[in-house]
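1. A predicted structure for the sequence below; I have some questions about it.
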Amino acid sequence: DIANAFNDMAKKFKGVQAELVEQEKVQKEIQVAKEIQTTLLPKDLPETEGFDIASFYRAARDVGGDYYDVMKVGPGLIGVIVADVSGKGVPGSLVMTITRTVVRLVANQNRSAKNVLVKVNNFVKEDMKKGMFVTAFYLVLDSLSRKINFACAGHDPLLIYRAKEDKVYWVKPKGFPLGISLPDDELFRTVMAEENVKLQKDDLLLIYTDGVTEAMNRVEQLYSPKRLIRVLNQFPGSLGLEGTIVGIKEDVDHFSEGAEQADDITMLMLRYDRSTDFSHKEKQGNPSKEVFE
């Protein structure tokens, strides 16, 4: 009986050892995926004449489903994207990697944000796993004219702080998320709207993912877009871009009261600084406010 008991213990111990080895193997694979994903995020944001750029990214798990990118797409043109994959973990990371690759392929020399997102959707929609999709906000920044052209694929609104008015506006053009099945192949293109805005001195743009506005505290209250706008309105001009992003991040953490982060958090911020814009030769124009309605 004692021998049989020892044999049973040995078998169980061997099984536990095998499970530990398998878990260690999975953890190593996740670590590799995390390292690969980290290399895909911008190490250094490109210098853009007349503009300051800052970013913040924090994954909820070892491998996240958010991504952002800032890339030169032409003379004086900068492409900026923030995206959120519906799936998390390794599957979300793989979809994010594919999306990033396609965006970089089609964005070069393309001034139309809508055209870029339509082309990206045509690439990824056939290969997207059922039930998964990607929301994205993409804009093309013209450093010479100080105009931004932007489109939204079902993503959270763009926030624009108007320094002259000391007021924050939110902008969300119509558009479906990338990769979803639609009854008509042309529906994605026809529904998507495209907008243009001309920036003025010290105007600030914030693109973010819903990990910010949907952060929850211990009683499951949401951080909310209203709170984000209120906090953003407190910081511009006083702390610089890095200080503003840190201020928002600290307010989200304070609101969360130590509750576990449920979703990836990404923020990307740009500010027009005329003092560093050597191409500035004309008076500032006032863009139509229809886009803010």
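-> That came through fine. Numbers count the residues shown, from 1 in each chain.
2. okay, CA-based contacts and neighbour counts for the rest of this
-> OK.
3. looking at this, residue 53 is in a strand?
-> Yes: Residue 53: assigned to a strand according to DSSP: H, G, I helix; E, B strand; the rest coil.
4. Wait, it touches residue 273, no?
-> No: judged on CA atoms under 8 Å, residue 53 makes no contact with residue 273 at a distance of 10.6 Å.
5. and for the two, which residues touch both?
-> Residues touching both residue 53 and residue 273 by CA atoms under 8 Å, 6 or more residues apart in numbering: none at all.
6. Identify each buried residue in stretch 201-213, please.
-> 201-213 (16 or more other CA atoms under 10 Å).
7. Quick one: distance of that stretch to the chain centre.
-> Its chain's C-alpha centre lies 10 Å from the corresponding centre of stretch 201-213 when counted by CA atoms, centre = their mean, to the nearest Å.
8. Just give the nearest non-adjacent residue to residue 150, would you?
-> The shortest distance from residue 150 to any non-neighbouring residue, by CA to CA, 6 or more residues apart in numbering, is to residue 139 (4.0 Å).
9. Specify the beta-bridge partners of the one you found.
-> residue 80, residue 150 (DSSP bridges).
10. does residue 120 sit in a helix or strand, and which one?
-> Using DSSP states H and E, residue 120 sits in helix 113-124.
11. which residues touch that helix?
-> 98-99, 102-103, 106-107, 110, 138-140, 149-153, 178-179, 188-189, 192-194.
12. So which of these are in strands?
-> Using DSSP state E, the subset of the contacts of helix 113-124 located in strands is 138, 139, 140, 149, 150, 151, 152, 153.
13. ok so, going back, flag every buried residue along the helix holding residue 120.
-> Buried residues in helix 113-124, counted by 16+ other CA under 10 Å: 113, 114, 115, 116, 117, 118, 119, 120, 121, 123, 124.
14. need the strands for the stretch 151-293 of the chain, in chain order.
-> With DSSP state E, counting those that start in this stretch, the ranges of strands along the stretch 151-293 of the chain come out as 158-162, 167-171, 195-198, 204-208, 265-272.
15. ok, the longest one: who's next to it in the sheet?
-> According to DSSP bridges, strand 265-272 has the following sheet partners: strand 51-58 (antiparallel), strand 204-208 (antiparallel).
16. How many neighbouring residues does residue 92 have?
-> Neighbour count of residue 92, defined by other CA atoms under 10 Å: 20.
17. pLDDT of the helix holding residue 120, averaged?
-> In this model, helix 113-124 carries a mean pLDDT of 94.
18. cool, stretch 240-254 as well?
-> 90.
19. Quick check: buried residues in it?
-> Buried-residue list, stretch 240-254, by 16+ other CA under 10 Å: 241, 244, 245, 247, 248, 249, 252, 253.
20. of those residues, closest to residue 2?
-> Of all the buried residues of stretch 240-254, residue 2 sits closest to residue 253, with 56.0 Å by CA to CA.
21. Please compute how far the helix holding residue 120 lies from its chain's middle.
-> With CA atoms, centre = their mean, you get 17 Å for helix 113-124.
22. again, but for stretch 255-270
-> 12 Å.
23. Stretch 187-199 too?
-> 18 Å.
24. Start and end of that stretch, how far apart?
-> Start-to-end span of stretch 187-199 (CA to CA, to the nearest Å) is 31 Å.
25. repeat for stretch 158-178
-> By CA to CA, the extent of stretch 158-178 from end to end equals 17 Å.
26. Residue 181 touches residue 125, doesn't it?
-> Yes: checked against CA under 8 Å, the pair residue 181 and residue 125 is within contact range at 7.3 Å.
27. contacting residues for the closest residue to residue 198 other than its chain neighbours?
-> In space, residue 198 comes closest to residue 147 once its chain neighbours are excluded; the distance is 4.2 Å by CA to CA, 6+ apart. Contacts here follow CA under 8 Å, 6+ apart; on that basis residue 147 touches 141, 196, 197, 198, 199.
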